[in-house]
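**Student:** the following comprises the amino acid sequence and a computationally predicted model.
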Amino acid sequence: MTLSVIATAGGVATACLGAYVAYLAYDGHRRNESRTMLLLAVGVVCIAVVPYGISYVLTPLLSLSDAVTVLGVTVAHLAGLGALARSVTA
């Protein structure tokens, strides 16, 4: 198994687990009408799922440069951390 296959598998696993955790948080939001759980779901999606989509879907599809890819991932991480910070302080 090559290193690129292992890295891709790790990315897929991270995105899938992140999507599952976000789903659980969103389900908690729906059941309890909790804004905190909604922000948690958004934060997890931005940190775990969006970067995978940018790196493995948008970059090859749109032929994005490395700089644009890193910028997109960084913005997604910042948005996710902002949502998580807001969820624990709300």
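**Tutor:** Arrived safely.

**Student:** what is the longest helix seen in the chain packed up against?
**Tutor:** Taking residue count as the measure and DSSP state H as the definition, the longest helix of the chain comes out as helix 3-32. Helices and strands touching helix 3-32, by 3 or more Cβ pairs under 8 Å, 6 or more residues apart in numbering; DSSP states H and E, are helix 35-44, helix 50-53. Glycine gets a C-beta too; all of them are placed from N, C-alpha and C.

**Student:** a markdown table please, covering these and showing mean neighbour count, distance to residue 17 and mean pLDDT.
**Tutor:** Formatted as a markdown table, the entries for those read as follows, by neighbours: other Cβ atoms under 10 Å; distance: least, Cβ to Cβ, whole Å; pLDDT from 0 to 100:
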| stretch | mean neighbour count | distance to residue 17 | mean pLDDT |
| --- | --- | --- | --- |
| helix 35-44 | 20 | 9 | 96 |
| helix 50-53 | 20 | 11 | 96 |
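
**Student:** those helices: which one's closest to residue 84?
**Tutor:** When the helices and strands packed on helix 3-32 are ranked by proximity to residue 84, the top entry is helix 35-44, at 3.7 Å, counting by Cβ to Cβ.

**Student:** helices or strands next to the closest one in the packing?
**Tutor:** helix 3-32, helix 66-89.

**Student:** export the ones you listed to CSV and tack on distance to residue 47 and mean pLDDT?
**Tutor:** Written out in CSV, the entries for the helices and strands packed on helix 35-44 read as follows (distance: least, Cβ to Cβ, whole Å; pLDDT from 0 to 100):
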stretch, distance to residue 47, mean pLDDT
helix 3-32, 7, 95
helix 66-89, 4, 96
